[in-house]
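> Predicted coordinates and the sequence they were generated for:
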Amino acid sequence: TALPTFFWAGRFRRVHPDFVFPECSAAHLWVLWRCGNVEKRLPPLRLLEGADMPNRNSQKRLSDTRYLMNKIEIKRRRGQLSWVPVVRLHR
């Protein structure tokens, strides 16, 4: 499946110009991180870069999300993943 592209502010980006990070649980954020949302034309969040974001706040949220998802991924690789610790990591 091809990634969606949007042209705004003079360049191609992977999100639309009014993109905001969703308010959701860590479990749902993990799904968006790995899979994206086809209906909303949102690629997997792990494929996004700071330059794709419409503003500094969104860049910071992407950075924070990447940090959290890396922590979750480490736990998953060690076989220590259950959603109770994931929710604690998110707090």
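Perfect, I can see it now. Numbers count the residues shown, from 1 in each chain.
> Would you list the phi and psi of residue 33?
With angles defined as degrees, to the nearest 10, residue 33 sits at phi -60, psi -40.
> Distance-wise, check it relative to residue 5.
20 Å (Cβ to Cβ, to the nearest Å). To be clear about C-beta, it is placed using only N, CA and C from the backbone, and glycine gets the same treatment.
> neighbour-wise, which of the two wins?
residue 33 (21 against 13; other Cβ atoms under 10 Å).
> list the contacts for that one?
For residue 33, the contact set (Cβ atoms under 8 Å, 6 or more residues apart in numbering) comprises 44, 45, 46, 65, 69.
> from those, which single one is nearest residue 15?
Nearest to residue 15 among the contacts of residue 33, counting by Cβ to Cβ, is residue 45 at 9.4 Å.
> per-residue pLDDT, the nearest residue to that closest one once chain neighbours are set aside?
When the adjacent residues along the chain are set aside, residue 45 lies closest to residue 33, with 4.7 Å between them (Cβ to Cβ, 6 or more residues apart in numbering). We have a pLDDT of 94 for residue 33.
> For the residue nearest the centre of the chain, give me the pLDDT.
Taking Cα atoms, centre = their mean, the centroid of the chain lies closest to residue 45, which sits 3.1 Å from it. Looking at residue 45, its pLDDT reads 95.
> What distance do you get for it to residue 79?
Where residue 79 is concerned, residue 45 sits at a distance of 24 Å (Cβ to Cβ).
> From residue 27, how far off is the residue nearest to residue 45?
Counting by Cβ to Cβ, the gap from residue 33 to residue 27 is 11 Å.
> do residue 76 as well
In terms of Cβ to Cβ, residue 76 sits 12 Å off from residue 27.
> now swap in residue 56 and tell me
To residue 27, residue 56 is 27 Å away according to Cβ to Cβ.
> now do residue 41
On the measure of Cβ to Cβ, residue 41 and residue 27 end up 22 Å apart.
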